[in-house]
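A.B. asks: Need coordinates for the below:
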Amino acid sequence: MVKNVSHLMNTDSNKDHKSPLARFELMLQSNRVNFFDATEFEEIIQYYIDSGSLRLAYKALEIGEDQHPGNSGLKLLHVELMLLNNQYKEAEEVIDKLGEMEPYNEYVYIHKAVILSKTKRHQEAISFLTKGLEYCESQAEFHSMLAMEYLFLDSYMMAKEHFIKCLNEDPKDTHALYNVIYCFESLENPDGAIEFLNEFLEADPFSEIAWHQLGRQYASKGLLKQALSSYDFAVICDNEFIGAYFEMGKTLQKMKRYNEAILAYETTLSIDEPTAFALLHIGQCHIALGNSKLAIQYFKRTLNEDPLYEKAWIALIDVYCKNKELEKALYYAKKSIQIDNVNVLTWKRYAEINFALGFFEEADLGFTECVNLGNYEVDTWVKWADVLKEMHDYPRALEVLQHGLEFHPESSVINFRLGGIYLLSSQSLEARFYLKNAYISDAKQLNHFYETFPEFRSSSFVKQSLSLKV
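C.D. replies: Numbers count the residues shown, from 1 in each chain. Modelled structure (predicted):
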């Protein structure tokens, strides 16, 4: 196949009437047929395929096959064109005939394997590629294709072995290196990945990608000091390796070395355009350091970079809540909902902030949306019921709690709340039933019950229901 058609894509050479492409296009304009050798046709067709001009590629192929019938290079290009048009059956017929004529042509095996792969016959593709290894000049492409076929079959062990063989052919093949690590991760074998990467680094100690990946493997095992050391080596090899600085920042953050983490994240900002990820994490570090004003600045910068970044909205709302600036927290919760009205975490905060501010109808709306969006946590049902209790809407509070009980039948908190609301509704039999269930499930929650319903702290009925001494 044509390996290099760069001279055809050069603007100046395209104007040169002696270039094959220029002569071909002049021929089309003059409506005459000129002779080109087979190699020139291959270059012309490949150029049109690469540039997406398939109609012209087919035209050149038609003329080329008329002038050079049986030429294997043109037949292989014909197969490529059929594959682009999803004509797998027709492509397979052509490649099979060519295989009978040229059983030692490595490109026959490559194209046949592509057809088999695209028609989901991966095991057959593996068999063909394995046979083709006997006839290829360079085995790297075959090993890469074999590895991908094994990935399709979720056979990560075999895929890994072939990607390693690609690296043996070309240690600079970063695609193969990443895929080897992907296979180790899919096999849940970080120790194997660490062993492999250390061996790889003995041969190539200046591979920043290998150091970076080694750090990630150490981090996955919680070996943060080793991970940090690996990232240090990665940035020594390439002092503009943004990915390594990100991972370094994350590791330092986990180690609670927040000022150093900030420096690592800020390094990424100095190398390239600011990213929402880095800005958010700098803000998180400032929160940990108690610098809430700086944190707010970074969270706002994060949202300027990416207004849809859910974690940034939550972080900004939470810092205002922590500072007891609930009106500002509510403002940003509303703003976040305007941008993304299906974010359950924001709706929950919207509901909780409104409840804290005494805006019960808005809080009711917020918890309704939480449940509609699939948030069925215990505290969602309980807080929603508390809102309805404050609104004196006991029937709905009971309905909410009964619904919550369907998801959490053993929850003492929900049972205690039901007991309290039934008492407020003067339904003593139901109240006694749920109070007993709650106390049996977790007696420690009784104090919380009294905090929620202080009017029942001295109630003899409650104590009798729980078989406590009056």
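A.B. asks: which stretches of the chain have low pLDDT?
C.D. replies: Filtered on pLDDT under 70, the chain yields the residue ranges 1-17, 468-470.
A.B. asks: ok, Lys436 touching Leu466?
C.D. replies: Yes: using CB atoms under 8 Å, Lys436 is in contact with Leu466, at 6.8 Å. Every C-beta, even on glycine, is put in place using the N, C-alpha and C of the backbone.
A.B. asks: Overlap of the contact sets of those two?
C.D. replies: Common contact partners of Lys436 and Leu466 (CB atoms under 8 Å, 6 or more residues apart in numbering): none.
A.B. asks: so how far does stretch 62-78 reach from one end to the other?
C.D. replies: Start-to-end span of stretch 62-78 (CA to CA, to the nearest Å) is 9 Å.
A.B. asks: and Met248, what does it touch?
C.D. replies: Contacts were defined as CB under 8 Å, 6+ apart; by that measure Met248 touches 215, 228, 231-232, 235, 264.
A.B. asks: Scan these and report the most crowded one.
C.D. replies: When neighbours are counted by other CB atoms under 10 Å, Tyr231 leads those with 29 neighbours.
A.B. asks: Give me the distance between it and Leu405.
C.D. replies: 49 Å (CB to CB, to the nearest Å).
A.B. asks: Repeat that for Ala113.
C.D. replies: Here the criterion is CB to CB. By it, Ala113 lies 58 Å from Leu405.
A.B. asks: between these two, who's got more neighbours?
C.D. replies: When Ala113 and Leu405 are compared on other CB under 10 Å, the one with more neighbours turns out to be Ala113, at 27 against 19.
A.B. asks: That one is in what secondary structure piece?
C.D. replies: Under the criterion of DSSP states H and E, Ala113 resides in helix 106-118.
A.B. asks: For that helix, buried residues please.
C.D. replies: Residues of helix 106-118 classed as buried: 106-117 (neighbour count, 16 or more other CB atoms under 10 Å).
A.B. asks: For the stretch 51-200 of the chain, which segments count as helices?
C.D. replies: Using DSSP state H, counting those that start in this stretch, the helices of the stretch 51-200 of the chain run over residues 54-67, 72-84, 88-101, 106-118, 122-132, 140-152, 156-169, 174-186, 190-203.
A.B. asks: helix/strand/coil for Lys324?
C.D. replies: Using DSSP: H, G, I helix; E, B strand; the rest coil, the structure places Lys324 in coil.
A.B. asks: pull the CA atoms of stretch 211-222 into CSV?
C.D. replies: The C-alpha atoms that make up stretch 211-222 are tabulated as CSV, following Å, rounded to 0.1, in the frame of the first residue of the first chain:
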residue,chain,number,x,y,z
TRP,A,211,6.9,7.1,35.4
HIS,A,212,3.5,8.8,35.3
GLN,A,213,1.7,5.4,34.9
LEU,A,214,3.9,3.9,37.7
GLY,A,215,2.7,6.7,40.0
ARG,A,216,-0.9,6.0,39.2
GLN,A,217,-0.4,2.3,40.1
TYR,A,218,1.2,3.2,43.4
ALA,A,219,-1.6,5.6,44.1
SER,A,220,-4.2,3.0,43.4
LYS,A,221,-2.6,0.9,46.2
GLY,A,222,-2.5,3.8,48.6
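A.B. asks: can you give me the offset of it from its chain's centre?
C.D. replies: On the basis of CA atoms, centre = their mean, to the nearest Å, stretch 211-222 is displaced by 18 Å from the centre of the chain it belongs to.
A.B. asks: if we look at it, which residues are touching it?
C.D. replies: Taking CB under 8 Å, 6+ apart as the criterion, the residues outside stretch 211-222 that touch it are 177-178, 181, 184, 190-191, 193-194, 197-198, 201, 224, 226-231, 233-234, 237, 241, 243-244, 247-248, 250-251.
A.B. asks: try stretch 429-446
C.D. replies: Judged by CB under 8 Å, 6+ apart, the contacts made with stretch 429-446 from elsewhere in the structure are 410-413, 415-416, 418-420, 422-423, 449, 461-462, 465-466.
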